[in-house]
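Chemist: I would like to see how this sequence folds:
(chains A, B and C)
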Amino acid sequence: MALSIAATEAGQSAGEWSFRAEGVTKIYGKTLRANDAISLSVRPGEVYGLLGPNGAGKTTLVKQVIGLLKPTEGQIKLGPFDLVADPDAARQLCCYLPQAPMPIDSFRVKEAIELTGRIRGGGRAEVRRRAGELIEALDIGGWADTMGQRLSGGIRRLAGFSMVTVWPGRVVILDEPANDVDPLRRRLLWDQIRLLGQHGCAVFLVTHNVMEAEKSVDRLAIISAGRLIAEGTPSSLKAGDRGHLRLQLMLVPDAATPALPPWVRQHVRAGHNLITTIDEAGAASGIRWAAGLIGRGQAEEYALGATTLEDVYVRLTGHTSADGPGEA
Amino acid sequence: MTRWHLASLRLWIMLLAVVQIMAGAGFVLGIALFFDHIPVTAALFVSTGVPVINLVLVGLILGPQLVAQQKLQQSYDFVRSLPVPQASAAAAWYTVCLLAGLPAVVVSLLIAEARYGFSFSVSPAIAPAVLLTAFTGTMIGYGLGHAVPNPMVTQLVTQLLVFVIFGFTPILFPAWQLPHWLAVVNWWFPFGHMAVIVRAGLTTGLVAGIGSSYLIVAAWGIIGAAASAWALGSRG
Amino acid sequence: MSTAGQPHASPLTLATATRSGIGYWLAGLRSMMRFDLARARQWAALMVIIQVMMGVGMALIYGFFYPRISHQTALYITTGTPALALIPLGFVMVPASVGQQKLEGTFDFTWSLPVPRSAQATSTFLLFTLLSLPGAVLALVVAAWHYGVSLTISAQIVPGTVLCALTAVSAGFGMALMIANPLLTNLITNTLMFVVLLFSPIVYPPAHLPAWLFAIDRVLPFYNMAEVIRAGLTVGLVTDLTRSYLILAGWTMAGWIMTAWVVERRH
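Modeler: A predicted model of the protein is given here:
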C-alpha cells in the first residue's frame, strides 16, 4: 500500500508515522469537558472516521491536532513528533479542511489551489501539475478560472478540499468535506479521499453522515458528549447487531407512536419514521405487525432490511444522525 | 400597539439617548479647540446645530442600517410579514428617534450656555421645529431603508450621510462658509433648512427665510413617507 | 474503492522532517504575501477610495468651520491630512476586516497553514501599510491644492509616513484581535474615531488644548502621528520630534505584542 513512500524515505518505514492521541482532554472553564480522555491511533494509509452528533467534540479534537487549540491534558504524537509541544510541526505535517467555507471570494479556483500548495511547501511545477490532476479528478475543470465569489457551495467545498490536499501532510483532517457537494461529484470526492490513504496519508474524516462514512472509512470512532464511546471497523461495530434486522415504519403524519410488541428490541422515532430493531427469527411477526398498522391507517409503508451503522450509532448515542434513514 | 413597540424598545432608547448626549456635549465643547478663541458666531452656530444632528441621527442613520442588516440577514421579509400595521410601527419608531434625541438637545444647549455664556431666547416655534425635523429625518431614513432595494447601497449611503451632514451641510456652520455651489446644492436638501427652523426657535434675528425652510423640510418628510409607504405596501 | 478510470496520479512526496529557521520564515512570508495580496483584491480598491475620501473630505470639512482661515490654520489642516487618512484605516478598517474574518471563521484556515504566525502577521501589516500610502499621499495633494499652501518637503516624510501607517495598522490589528467580540470592536472603533478626531490636536495647534488634555494626547498615538508627518512637510512647526517617534514606536510594539500573544496562543 504505502510502497511509493517507503521507497523514497531513507530508513523510515511507514509504521513510524503512526498517529497517536492519548487521553486527550479539553476542559473549558471549570466544568465543560469538550473532550474527555480520548485515545485513539491511526496508521498511515488509514481513512479514520470521527462520527458523532453536533457538539460531540469532534471538531474540538481535530483542532487540537492541528494546533488551533491546546489540550488541557493528554498527548498527541505523530511519528517522532509531539504535536502538542510543537504546534509548528503540527501545521507542517498535518493539513486541515475546516467546516466553514474557504475565504476564496477573490481567488480563481486554480489559483487558490496553487497558492495554497506553494504555502504548504510544494514546488511550482509540481503543485501546478497536482492541482490540474485534482481539478480533473473532481470534475471541476469548468470552474478552474471562476472567481470564488461566484461558486456554488458544493464547488467551493471541492475547491477547498483541493486547496488542502494538493500538497497534503502526513495527516489530512477533513471536517465535513462532502457538505453541499452534488451526488455525482461526491463519489469522485470519496475516491480522492481513498487515494490519499493509498499514498500513505492518515486521513481523519469528521462527519455526521453515517451512511457515507460507512462506505468510505477503514475504521471509525463514535464520539458523543466528548467521549469516545465506540471504535472499530464498520463491520466490527455492527457485530453487536448480528442476528438482528431493522424494521422501519413510515407513519402517517402526526400519528402517535403505536404500541410496540414485546419482541421489538429497541426503537427510535425520528419525525415520521419509526425505526425498530427485531430478531431475524421474528421477521414474519414483524411484517404481520407492520401490515396491520398499515391496514389500520397508522402507517403508510414499511421497510425490512439488514441493520446499518446508523442503528449502531442510534443505540450508542441516542441520536439519529442529521441525514437519518429515510432522508436522502 | 405603539405602546408595546415602545416598551420593547425602551432599552434601546436609553442607550441611544446616552450616546447622543455624550456625542452632542462632546461636539459642543470640542469645537472650541479648533480655534485660538472661538468667535461667537461659530460657537453659536455649532451650539444650535448640534440639536439638529441629535434629532436626526437615529432616524436617518441607524434606522436604515438596521433595515439593511435585516435584508442582508434575510430576516427582512419575515419582519415585513408580521401583522403589525406599518403606520403604527412607523409612529413607534418616530417616537423612539425623538426620545433618543431630545435629552441630548436639552443637554447640548445647557452646556453651550455654560461654556460660551449664551442665553437662548427659546420661542414656542421650537416645538414644531423639533417635531418636524425629527419627522423628516425619520422618514428619509425609512425611505432609505425600505425603498432602496439593495441593502449594500443603503449602508453605503448612510455611512456617507454621516460624513455629509457633519461637514458638507450648513448645520454646524453658516452657509456662506461653504463654497457657493455647495450652498446652492444644499438649498434643495432638507438638512440646512432643519438647522434654520431649529435656530429660529432658539435665537432672534440670526436666520431668515424661515417659512420656505419649513416648507422644504416638510416636503422632504412627505417624500420619505410616501416612498416608504409605497415600498412597504407593494408586493415583490 | 474504484480507482479504475482515474487518471494515474503522480506519487505524492510527504514531509519527513519539519523546516525551521530564517529561510523557512522568509519563504512563509513570501507565499503568505502572495496569498494575502490575492485576497486583498476584493477590498483593496474600495479601501483606497474610502481612504482618499475620508482624508480629503475631512480636510475640507475642517476648513468650513472657520469663518476666516489664516495661513497657519490652513497649514495645520493640510499637514494633518495624511494622519487623518491613516487613522481610520488602522483603527476602523483593519478592525472591521479582523471582525469579518472572525465571523466567517477564516482564521481557522489561515492559522492552520504551515507558516510561522509571526510571518503571517508581518504579511498582514506590510500589506495594509503599503495599501494605505497612496490614499494618504493623494489626500495631502488635494488638501495642499485646495488651501493653497506651499509645503517644505524634507526627507523625513518617508520614515514619518511609513511609521505612521505601521503604527495605525499594528495597534488597530492588535486591539481587534484582543477584543473577542467583533460587534464590540465596531462600537469601540467608531466611538474612538469621533473622540479622536475632535479632541486630538491633529489639524490645529496643541496650544488650544487645556494642559491636562494635551498631556493625554501626547501619550496617545494620534497627535504624534500627525507630528511626524508634519515634520517632513514644514520647518519649525514641530517640536519634540524624537519624543513623537518614540511614542509611535512604543505603540507599534504594543500592537505587535498583542498580536503575537493572540496568534501564538492556543485556547
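
Chemist: Below-threshold pLDDT in the chain: ranges please.
Modeler: By default, I'm working from chain A. A:1-15, A:321-328 (pLDDT under 70).

Chemist: my bad, the chain I had in mind was chain C
Modeler: C:1-11, C:267.

Chemist: Apply 50 and report the result again.
Modeler: Across chain C, residues meeting the criterion (pLDDT under 50) sit at C:1-8.

Chemist: where along it do the helices fall?
Modeler: C:22-64, C:71-88, C:94-104, C:106-110, C:117-147, C:157-178, C:182-199, C:211-219, C:221-231, C:241-264 (DSSP state H).

Chemist: ok, which stretches of the stretch 151-300 of chain A are strands?
Modeler: A:171-175, A:202-207, A:219-224, A:227-232, A:244-251, A:266-270, A:273-279, A:299-306 (DSSP state E, counting those that start in this stretch).

Chemist: of all the ones you listed, which lies closest to residue C:221?
Modeler: Of all these, it is strand A:171-175 that lies closest to residue C:221, at 40.2 Å by Cβ to Cβ. Every C-beta, even on glycine, is put in place using the N, C-alpha and C of the backbone.

Chemist: Give me the residues contacting the closest one.
Modeler: A:19, A:42, A:58-59, A:62, A:65-66, A:78, A:93-99, A:161, A:164-165, A:193, A:196, A:201-206 (Cβ atoms under 8 Å, 6 or more residues apart in numbering or on different chains).

Chemist: Where does chain B get nearest to chain C, residue-wise?
Modeler: residue B:167 (3.0 Å; Cβ to the nearest Cβ).

Chemist: Quickly note the distance from that residue to residue B:184.
Modeler: Residue B:167 is 17 Å from residue B:184, where distance means Cβ to Cβ, to the nearest Å.

Chemist: Please identify which of the two sits among more neighbours.
Modeler: Between residue B:167 and residue B:184, counting by other Cβ atoms under 10 Å in any protein chain shown, residue B:167 is the more crowded of the two (19 against 11).

Chemist: I'd like to know how far the more buried one sits from residue B:217.
Modeler: From residue B:167 to residue B:217 the distance is 20 Å (Cβ to Cβ).

Chemist: For residue 188, list the residues it contacts.
Modeler: I'll assume chain A. A:137, A:138, A:139.

Chemist: Correction: the question concerned chain C.
Modeler: So residue C:188 contacts C:175, C:179 (Cβ under 8 Å, 6+ apart).

Chemist: And stretch C:124-135, how far out from the chain middle?
Modeler: 7 Å (Cα atoms, centre = their mean, to the nearest Å).

Chemist: can you list contacts of it?
Modeler: So stretch C:124-135 is contacted by C:33, C:36-37, C:40, C:44, C:47-48, C:50-52, C:55, C:85-86, C:89-90, C:94, C:161-162, C:165-166, C:168-170, C:173 (Cβ under 8 Å, 6+ apart).

Chemist: Could I get the contacting residues of residue C:56?
Modeler: C:81, C:138, C:139, C:142, C:143.

Chemist: out of the residues you listed, which is most surrounded?
Modeler: residue C:81 (32 neighbours).

Chemist: any idea how far residue C:137 is from that residue?
Modeler: Residue C:81 is 10 Å from residue C:137, by Cβ to Cβ.

Chemist: Equivalent analysis for residue B:164, please.
Modeler: Relative to residue C:137, and taking Cβ to Cβ, residue B:164 is found at 24 Å.

Chemist: cool, residue C:187 as well?
Modeler: Relative to residue C:137, and taking Cβ to Cβ, residue C:187 is found at 31 Å.

Chemist: next one: residue C:30
Modeler: 27 Å.

Chemist: cool, residue A:284 as well?
Modeler: 87 Å.

Chemist: Look at those two and report which has more neighbours.
Modeler: Neighbour totals were compared for residue A:284 and residue C:137, and residue C:137 leads with 16 against 8 (other Cβ under 10 Å).

Chemist: isn't that one right up against residue C:55?
Modeler: No. Between residue C:137 and residue C:55 there is no contact under Cβ atoms under 8 Å: 9.4 Å.

Chemist: which parts of chain B sit against chain C?
Modeler: B:23, B:26-27, B:30-36, B:39, B:41-42, B:46, B:163, B:166-168, B:172-174, B:177-178 (Cβ under 8 Å from any Cβ of the partner chain).

Chemist: just the buried members of those residues?
Modeler: B:23, B:26-27, B:30-35, B:42, B:46, B:166-168, B:172-174, B:177-178 (16 or more other Cβ atoms under 10 Å in any protein chain shown).

Chemist: burial of residue B:60, as a residue count?
Modeler: The burial count for residue B:60: 28, using other Cβ under 10 Å.

Chemist: and it, what is it in contact with?
Modeler: Residue B:60 neighbours (Cβ under 8 Å, 6+ apart): B:137, B:138, B:140, B:141, B:144, B:158, B:161, B:165.

Chemist: ok, now residue A:185?
Modeler: With the criterion set at Cβ under 8 Å, 6+ apart, residue A:185 makes contact with A:138, A:139, A:140, A:154, A:158.

Chemist: same question, residue C:20
Modeler: Here residue C:20 is in contact with residue A:88 (criterion: Cβ under 8 Å, 6+ apart).

Chemist: which SSE is residue B:21 in?
Modeler: Secondary structure from DSSP states H and E places residue B:21 in helix B:10-30.

Chemist: Tell me the buried residues in that helix?
Modeler: Buried residues in helix B:10-30 (16+ other Cβ under 10 Å): B:12-13, B:16-17, B:19-21, B:23-30.

Chemist: what's it packed up against?
Modeler: helix B:40-57, helix B:86-116, helix C:182-199 (3 or more Cβ pairs under 8 Å, 6 or more residues apart in numbering or on different chains; DSSP states H and E).

Chemist: how distant is it from the center of its chain?
Modeler: Helix B:10-30 has its C-alpha centroid displaced from the chain centroid by 13 Å (Cα atoms, centre = their mean).

Chemist: just stretch C:188-196 next, same as before
Modeler: For stretch C:188-196, the distance to the chain centre is 15 Å (Cα atoms, centre = their mean).

Chemist: mind listing what the nearest residue to residue B:20 once chain neighbours are set aside touches?
Modeler: Nearest non-adjacent residue to residue B:20, counting by Cβ to Cβ, 6 or more residues apart in numbering or on different chains: residue B:104, 3.7 Å away. Residue B:104 is in contact with B:17, B:20, B:21, B:23, B:24, B:25, B:51, B:54, counting by Cβ under 8 Å, 6+ apart.

Chemist: Tell me the one among these nearest to residue B:200.
Modeler: Nearest member of the contacts of residue B:104 to residue B:200, counting by Cβ to Cβ, is residue B:51, at 12.4 Å.
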